[in-house]
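>>> no FASTA, just this:
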């Protein structure tokens with residue numbers, strides 16, 4: 001393959017290359033093959049880690065350069081060892097995936113022939129090299145429009161040579177997998193053409209696979225390859241179901257799964273293939289013959305499942321359960337529509353319940369998604385007779401789940417919630433909440449309780465039953481419910497001698513029953529006494545704190561009389577063995593109750609509640625820093641933040657906010673803490689969070705802080721541009737932006753914060769490296785647009801903010817991109833909204849000027865961005881911006897959109913048509929004639945597929 005970097009020069013023209021914005025042409029000198037080989041050796045064998053790292057960086061640079069094509073080709077020809085060939089094969093694959101546009105079209109055929117000759121000569125060196133080369137060939141075939149009927153060519157060329165079979169099947173396996181690859185932007189037109197082509201040749205491929213099986217007999221490796229390949233074609237959804245229903249391969253597949261002696265690897269490959277087949281026929285009605293064969297085939301596997309259980313072969317058991325679950329998922333709608341008839345046969349559910357009976361919880365866990373979907377489906381149909389048919393199955397499932405949730409009888413201590421089993425129990429809890437309606441929460445709760453009341457079960461059974469009761473407690477109606485009150489009465493009487501895990505879960509249950517306590521306040525004292533006992537014990541403290549938090553949240557009015565007790569707990573918070581989260585939760589509960597006290601008491605009580613944290617902060621500030629580092633104040637800042645956040649008393653107009661005085665007193669300590677730690681982003685972020693909730697707590701009552709706070713923010717931001725200052729600025733604009741006297745000061749703040757921000761974002765890759773700054777800058781700008789649009793639009797800074805927004809639309813970062821789009825949308829919307837207000841004409845005129853200046857650039861950039869830079873989930877935001885531009889000035893927008901579309905590339909570097917003239921004009925028409933925003937969104941979604 002003679003590809004030479006000099007063929008290219010700078011031939012990457014904007015018309016055929018999506019990378020219009022940044023062209024980095026590597027300054028790397030052309031290396032010799034010997035040097036590249038030496039670097040690969042260093043990468044794998046240099047004993048010095050620094051040497052490995054240097055080799056890695058240099059090879060990465062080589063891969064990005066134009067010389068990579070030639071070097072990879074030569075290394076593959078030399079065939080010196082596995083490592084150098086693997087590096088070269090991987091480089092080829094990567095270059096074809098990401099830099100195919102570098103190659104002139106006249107080199108494509110030479111590249112194809114060269115890759116085919118490499119895979120043939122290296123087929124016995126290593127399977128991973130064969131896979132990398134197969135991927136390179138597949139990716140080339142998908143992009144190279146001139147290579148027609150590639151499947152046919154490959155089968156014709158290699159199918160008669162037994163020794164070529166391994167790599168031929170590998171190429172045929174990865175080809176369908178790569179059709180939807182994210183790294184290949186081949187576009188919808190080319191993808192449709194390929195899928196049609198593959199569908200046309202699919203039966204040839206299946207026939208080839210069957211011939212392979214016949215020729216190789218019981219060669220396990222070959223069978224695994226065949227099943228992987230077949231699964232890959234099923235996944236693409238191109239196999240003809242009539243042809244497949246009568247195909248011998250399907251028989252082979254089930255025979256392998258029925259045989260007891262099948263090896264683990266082969267069993268897994270066959271199971272994957274059956275799951276792919278079941279997934280492919282999800283739309284059962286259009287695949288009847290195949291659906292029937294698969295349905296009957298899977299039902300024959302029950303005996304094999306029992307055999308695997310008897311042999312304690314967990315891998316096989318898990319495979320069967322996967323197959324049974326996929327069967328149930330595929331026939332879910334049929335089962336709900338016609339339960340017990342034809343392919344709605346309820347034996348499918350029996351299979352899953354058999355799996356639920358397996359002692360290992362990992363087996364039943366596989367089926368959770370199906371049970372959840374079944375519940376969702378039945379909830380929507382809301383047919384009592386239908387629910388009656390499925391109720392016994394759900395009852396048996398719940399029974400099985402309760403058993404799986406039991407801890408080991410010799411378990412010591414509390415239930416762990418972070419290990420695998422703890423996570424399994426959380427998923428059980430979620431599933432039970434989702435399906436309980438079928439059985440009836442009350443009925444189930446009573447049944448569970450009666451097993452405890454009537455029997456005397458071992459502790460692990462009691463604990464599991466309490467755990468399931470806690471999952472459903474909230475869905476039981478608390479009105480006049482004697483069972484609930486009896487449960488509550490009994491639980492708080494549990495002696496301290498029971499197993500600690502039972503006490504732990506009983507405390508969780510009490511926390512979940514806070515609604516019952518609220519309706520029956522006579523239980524409040526015994527419940528709090530019970531929880532206080534738990535709070536004083538190291539292992540139970542955090543769960544008890546969480547339960548107290550729940551009770552405070554639900555019983556706020558009843559808890560007011562216990563405020564002193566809560567305050568005593570809060571003062572002694574660190575004497576209890578609490579996690580950070582539990583401690584913060586307790587303070588949240590206390591603050592929620594505090595807000596319900598009489599107004600005249602709130603100030604004093606808030607001051608008491610904050611005093612502990614303020615004293616701690618003062619103490620830290622007075623200490624000399626150890627090793628030049630001041631002690632970390634974040635615990636205290638987070639606690640203050642949660643108190644301010646949840647102390648929200650009802651204040652009538654004209655009344656002074658009871659929290660105002662306390663916040664003014666605390667400000668100097670927060671200000672000093674902020675100054676001391678100004679270089680530490682984490683601590684500054686916590687300070688800003690605390691101030692944000694303080695400002696939100698008292699609203700306009702924080703006016704006296706405005707001047708000193710803004711001054712301090714701006715001065716620290718010049719040296720340390722922490723993005724949280726921008727966020728805090730947006731809170732201040734939200735609270736004070738409507739006040740005439742504050743507007744100029746807030747604008748000055750914005751301008752002072754923008755200068756360092758723009759310097760940061762204008763650095764190379766500045767936008768990508770600082771998404772938080774982008775997010776918070778545009779939150780701030782959006783708040784300004786919402787609260788005081790004319791102030792912002794009349795200022796000099798607006799041009800720079802719009803320019804920055806246009807550049808930032810390409811940023812693929814969920815939050816940052818969302819903020820940018822919201823800013824642009826809200827900005828343009830001010831030109832049409834609230835047309836009854838006095839400043840409407842001025843707003844309309846100012847937006848008109850801004851659009852005249854930036855409109856074309858904005859529309860062009862947005863079209864480029866949604867075709868080449870952004871993932872599909874961001875498209876509704878782009879659509880909303882385009883919609884607002886169109887609402888503001890439809891005729892001009894039509895022109896801008898036309899110009900933007902003219903600039904898009906019309907064909908790929910592989911010579912395939914990306915977008916036809918008709919598709920362009922249709923899209924233009926759909927958007928410009930849209931009558932609501934969602935039509936624009938649909939049009940963009942369809943159109944951008946042409947470039948993905």
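Yep, that arrived. Just so you know, these numbers come straight off a predicted model, no measurement behind them. Numbering: from 1, shown residues only.
>>> What helix or strand is residue 930 located in?
Secondary structure assignment for residue 930, by DSSP states H and E: no helix or strand.
>>> same deal with the one 5 residues further on?
Of the helices and strands defined by DSSP H and E, residue 935 is found in helix 933-944.
>>> Touching that helix from outside, list them.
With contact meaning Cβ atoms under 8 Å, 6 or more residues apart in numbering, helix 933-944 is reached by 866-867, 872, 875-876, 878-880, 882-883, 886, 919, 923, 926-927, 930. In short, each C-beta sits where N, CA and C put it, glycine included.
>>> Which of the residues you listed has the largest number of neighbours?
residue 882 (27 neighbours; other Cβ atoms under 10 Å).
>>> and that residue, what element?
Using DSSP H and E, residue 882 sits within helix 875-888.
>>> Give me the next element, helix or strand, following that helix.
helix 890-902.
>>> Direction-wise, compare that following helix with helix 875-888 and give the angle.
Computed with axes from the mean of the first three to the mean of the last three Cα atoms, to 10 degrees, the direction of helix 890-902 lies at 140 degrees from that of helix 875-888.
>>> Just after helix 890-902, pick out the following helix or strand.
helix 917-928.
>>> neighbouring contacts of that next one?
Outside helix 917-928, the residues touching it (Cβ under 8 Å, 6+ apart) are 189, 882, 886, 890, 893-894, 897-898, 901, 904, 935-936, 938-940, 942-943, 946.
>>> Name the nearest residue to residue 528, sequence neighbours excluded.
Excluding the flanking residues, the one nearest residue 528 by Cβ to Cβ, 6 or more residues apart in numbering is residue 562, at 6.6 Å.
>>> Can you get me a residue count around the one you found?
Neighbour number of residue 562 under other Cβ under 10 Å is 18.
>>> Ok, residue 217 next?
8.
>>> now do residue 179
19.
>>> quick one, phi/psi of it?
When read as degrees, to the nearest 10, the backbone of residue 179 gives phi -60, psi -40.
>>> likewise the one 5 residues further on?
Backbone torsions for residue 184, taken as degrees, to the nearest 10, come to phi -100, psi 120.
>>> how much space between it and residue 908?
According to Cβ to Cβ, to the nearest Å, residue 184 and residue 908 sit 10 Å apart.
>>> Quickly list what's touching both of the two.
Joint contacts of residue 184 and residue 908 (Cβ under 8 Å, 6+ apart) are residue 143.
>>> which residue packs closest to residue 512, ignoring adjacent ones?
Residue 512's closest residue in space is residue 473 (Cβ to Cβ, 6+ apart), at 4.1 Å.
>>> Residue 661 now?
residue 603 (5.7 Å).
>>> What pLDDT is listed against residue 214?
At residue 214, the predicted lDDT confidence score is 92.
>>> by contact count, what packs against the helix or strand harbouring it?
Element membership of residue 214, judged by DSSP H and E, is helix 187-216. On a contact count with 3 or more Cβ pairs under 8 Å, 6 or more residues apart in numbering; DSSP states H and E, helix 187-216 meets helix 127-143, helix 150-158, helix 165-178, helix 220-236, helix 241-245, helix 248-258.
>>> Mean pLDDT and distance to residue 358 for those - can I get that in CSV?
Converted to CSV, the helices and strands packed on helix 187-216 look like this (pLDDT from 0 to 100; distance: least, Cβ to Cβ, whole Å):
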stretch, mean pLDDT, distance to residue 358
helix 127-143, 97, 34
helix 150-158, 94, 42
helix 165-178, 96, 32
helix 220-236, 96, 25
helix 241-245, 94, 31
helix 248-258, 96, 18
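>>> nearest to residue 796, of the ones you listed?
Residue 796 lies closest to helix 127-143 among those, at 48.0 Å (Cβ to Cβ).
>>> That closest one to helix 220-236, inter-axis angle?
Helix 127-143 and helix 220-236 meet at an angle of 30 degrees, taking the same axes, to 10 degrees as the criterion.
>>> average pLDDT across stretch 436-451?
When pLDDT is averaged along stretch 436-451, the result is 92.
>>> Give the rounded mean pLDDT of stretch 710-725.
Stretch 710-725 comes out at a mean pLDDT of 96.
>>> Please apply the same query to stretch 280-288.
The model assigns stretch 280-288 a mean pLDDT of 90.
>>> What are the buried residues along it?
Neighbour counts over stretch 280-288 (16 or more other Cβ atoms under 10 Å) mark 280, 281, 282, 284, 287 as buried.
>>> swap in stretch 140-153?
Those would be 140, 141, 142, 143, 144, 145, 147, 150, 151, for stretch 140-153 by 16+ other Cβ under 10 Å.
>>> Enumerate every residue touching the fifth one.
This means residue 144. By Cβ under 8 Å, 6+ apart, the neighbours of residue 144 are 108, 112, 910, 911.
>>> cool, and the last one?
For residue 151, the residues meeting the contact criterion (Cβ under 8 Å, 6+ apart) are 172, 175, 197, 198, 201, 204, 205.
>>> Neighbour count added to these, as JSON lines?
Below are the contacts of residue 151 laid out as JSON lines (neighbours: other Cβ atoms under 10 Å):
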{"residue": "172", "neighbour count": "25"}
{"residue": "175", "neighbour count": "26"}
{"residue": "197", "neighbour count": "17"}
{"residue": "198", "neighbour count": "20"}
{"residue": "201", "neighbour count": "18"}
{"residue": "204", "neighbour count": "14"}
{"residue": "205", "neighbour count": "25"}
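>>> For these, could you give me TSV that also reports distance to residue 613?
Putting these into TSV (distance: Cβ to Cβ, whole Å) gives the following:
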residue	distance to residue 613
172	66
175	63
197	68
198	65
201	71
204	74
205	69
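>>> just the helices in the stretch 251-400 of the chain please.
Ranges of helices in the stretch 251-400 of the chain, per DSSP state H, counting those that start in this stretch, are 264-280, 288-299, 302-310, 314-330, 332-337, 347-356, 361-365, 368-381, 384-404.
>>> centre of the chain versus the fifth one, how much separation?
Spelled out, it's helix 332-337. 30 Å (Cα atoms, centre = their mean, to the nearest Å).
>>> any weak-confidence spans in the stretch 351-500 of the chain?
Within the stretch 351-500 of the chain, no range satisfies pLDDT under 70.
>>> now the chain
Looking at the chain by pLDDT under 70, you get 1-27, 626-630.
>>> which ones are touching the most centrally placed residue in it?
Nearest to the geometric centre of the chain sits residue 814, at 10.3 Å (Cα atoms, centre = their mean). If a contact means Cβ under 8 Å, 6+ apart, then residue 814 has 873, 874 as its contacts.
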